[in-house]
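Novice: Starting from these lines, generate the structure:
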Amino acid sequence: MVLVEAARQMVLAVTEKYHIANDRKRKLNFITQSMDTYFHQFIFPLSVVVQYKIIEMKKVKNNNLISTACISFIQNNFIATEIIFKFSVLDAGFIAEKETFLAEKCIQSHLSIAHRVK
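Specialist: Predicted structure coming up:
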């Protein structure tokens, strides 16, 4: 889990530093679509090289991003672990609206089921 969190932090840091304009950084949310983790060999608590590679990046409407990145953890000149992150960087207002809508829908569904059970 330490490697997964390190990869997630790498995605955030690299994307914020190199792919988002300074005036937009506080107005965005990161959404993880998928995360595939491949453990090729044991990794030990010794020196590790972390490599970040963009596989795909698309700028979409309103300067939002859709991206896929591969984070590799290299130890003793071998790739020990690879984590493929697919993620989006979207306007925080849009995400808040969508999240509110989905939360209300979930609550209504839950209350409807609870009412039928009685």
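
Novice: all helices of the protein, in order?
Specialist: 2-19, 92-117 (DSSP state H).

Novice: Who does the most centrally placed residue in the chain form a beta bridge with?
Specialist: Of all residues in the chain, the one closest to the mean position by C-alpha atoms, centre = their mean is Thr32, 3.3 Å from it. Applying DSSP bridges to Thr32 gives these bridge partners: Phe87.

Novice: pretty sure it is touching Phe85, no?
Specialist: Yes - look at Thr32 against Phe85 with C-beta atoms under 8 Å: they come within range, at 6.6 Å. All C-beta atoms are positioned from the backbone trio N, CA, C, and that covers glycine.

Novice: hey, what's in contact with both of the two?
Specialist: Arg8 (C-beta atoms under 8 Å, 6 or more residues apart in numbering).

Novice: ok, Ile66 - contacts?
Specialist: Glu56, Met57, Lys58, Val60, Phe87, Ser88.

Novice: quick revisit: ok, now which ones touch the residue nearest to the centre of the chain?
Specialist: Thr32 neighbours (C-beta under 8 Å, 6+ apart): Arg8, Phe85, Lys86, Phe87.

Novice: among the residues you listed, which two are most distant?
Specialist: Largest separation among the contacts of Thr32 by C-beta to C-beta: Arg8 and Lys86, giving 12.3 Å.

Novice: what touches both of the two?
Specialist: By C-beta under 8 Å, 6+ apart, the residues touching both Arg8 and Lys86 are Thr32, Met35.

Novice: what number of residues lie near the closest residue to Asp91 other than its chain neighbours?
Specialist: Using C-beta to C-beta, 6 or more residues apart in numbering and skipping residues adjacent in sequence, the residue nearest Asp91 is Asn62, 5.7 Å away. Residues lying near Asn62 (other C-beta atoms under 10 Å) number 11.
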